[in-house]
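Asker: Curious how this folds, go ahead:
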Amino acid sequence: MLTKRILLGHGSGGRLTHNLIKEVLLKKLNNPILRELSDSAVIDYKEKIAFTTDSFVVSPLFFPGGDIGKLAVTGTLNDLVMLGAIPEYLSLALIMEEGLDQAILEKIISSISFYAKKSGVSIVTGDTKVVERGAVDKLFINTSGIGRLVSTKRLCLKNIAPRDLIIITGNIAEHGLSVLAKRKELDLGFNIKSDCNPLNGLIIPLLKKCPGVKFMRDPTRGGVATTLNEVAEGTNLGVVINEKDIPVSAKVRVACELLGIDPLYVANEGKALLVVDPKEAARIVRFLRRHPLGRRSKIIGEIVKEPQGRLLLRTVFNAERVLDMLTAQTLPRIC
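Answerer: Below is the predicted model:
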C-alpha cells in the first residue's frame, strides 16, 4: 500500500516507486504505450512534426480556474498549436518534495488525465523524482509534447508584412491575476478565474479553413506587450495596438488599477495572438467567435513600417506611447 505522503523512497526506483507509478500514475493515465513503462516511447511519424518542452513551477498548486496539472497539459499543447500542429503525445516528469500529501498528487494527476483526454492527447512516457524537504516547493512538473503539422505552410515571423492585422482571441490578464490573488490571499472581491484552457479546438479548425493566418503566439509570461515586442524585434517592423480595442474585463481592469499593474504585461494561459492577412482578418474574427473560447476575439492593432522594432500603444486620447519589454517579470512563478 502507498503511504499517505511522498517519501524519499518513492524516488529510489524500488518497490515504492513502482507502486506509485502503478497505483497513481497508470491508474489515471493508462494507455498501451505508457503501459510498457519504458524510459522512452516509440512513435511512428512520416510527416513533419512539432516538438516542445516546458516546465511548470506555479505557486500555489491550485488557483481559481486551474491547477498545476491542467496548466502543464494546456500550456504544452498550446505551444504546439501556435506552430500549427495538432497535439498528440506528451511526456510527464514529476519532481516531488518529500512529504507531499498523496491526496494532492492524486488530484493533480486526475486533472492531467481529464485535460489530456479532453484535448485528444496521450501521456506516453515520463519520470518521477523525489527530493528532500525544501529542495522544491511541493511539486514541479516538466512536460514535452509532439504534434503533427496541419499544413506545409510555416507560421513564423518571416511571414509578417506591413498592414497585417493583429487579433487577440479574448480578454487578457486573467491567469496572472488569478494566481497572484490566490498566492497572496488577496480578497479583492472580484473572483477572477484563470483563462487556462487548451486552444487546439479553437485554432486547428481555423487553420484548416482560413489560410490568412501568418503567425501565432500565446502571450504567457510577460503578457501581450512582451509577445508583441518580440514580434517587433524579430521582424524589425513596428507594431501599433489600440487601447480601446484591447479586451479587458471590468474586474481585471479595476484589480490592475488597485495593484498598480498594467494588464498588457500580465500572463495569459488560454489566449492566442494572431498576425493575419488584412484581407482575411474579418473572416478570421467571425470564425473565432463561433467557438466558446473565441467569443471575445478582436482586432487590436496592425503591423507598420515605422518605428522599426518598436511597440506603440495608441491611447483612448489618440496619443501614442512606447511599450517596452520589461527587464523582469511583474509576477514570478505564474506557470
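Asker: Spell out the secondary structure type for Phe114.
Answerer: Per DSSP: H, G, I helix; E, B strand; the rest coil, the local secondary structure of Phe114 is helix.
Asker: Relative to Leu92, how far out is it?
Answerer: Using CB to CB, to the nearest Å, one obtains 14 Å as the distance from Phe114 to Leu92. Where you see a C-beta, it was placed from the backbone N, CA and C, and this is true even at glycine.
Asker: One more: Asn171?
Answerer: From Asn171 to Leu92 the distance is 30 Å (CB to CB).
Asker: low-scoring pLDDT stretches of the stretch 151-300 of the chain, where are they?
Answerer: Low-confidence segments of the stretch 151-300 of the chain, defined by pLDDT under 70, span residues 187-188.
Asker: Can you show me the helices along it?
Answerer: Counting by DSSP state H, counting those that start in this stretch, residue ranges of the helices within the stretch 151-300 of the chain are 174-184, 200-209, 223-235, 250-259, 281-288.
Asker: Just send those helices back as JSON lines, with mean neighbour count and distance to Arg5 too.
Answerer: Compiled in JSON lines, the helices of the stretch 151-300 of the chain are given as follows (neighbours: other CB atoms under 10 Å; distance: least, CB to CB, whole Å):
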{"stretch": "helix 174-184", "mean neighbour count": "24", "distance to Arg5": "23"}
{"stretch": "helix 200-209", "mean neighbour count": "18", "distance to Arg5": "36"}
{"stretch": "helix 223-235", "mean neighbour count": "22", "distance to Arg5": "37"}
{"stretch": "helix 250-259", "mean neighbour count": "16", "distance to Arg5": "36"}
{"stretch": "helix 281-288", "mean neighbour count": "18", "distance to Arg5": "45"}
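Asker: between those, which one is nearest to Met96?
Answerer: Ranking the helices of the stretch 151-300 of the chain by proximity to Met96 (CB to CB) places helix 174-184 first, at 20.2 Å.
Asker: That closest one versus helix 250-259: what angle between them?
Answerer: Going by axes from the mean of the first three to the mean of the last three CA atoms, to 10 degrees, helix 174-184 is angled at 50 degrees with respect to helix 250-259.
Asker: Show me what helix 174-184 is in contact with.
Answerer: 58-60, 62-66, 186, 188, 190, 192-196, 220, 223, 249, 252, 255-256, 259, 261, 266-270, 330-331, 333-335 (CB atoms under 8 Å, 6 or more residues apart in numbering).
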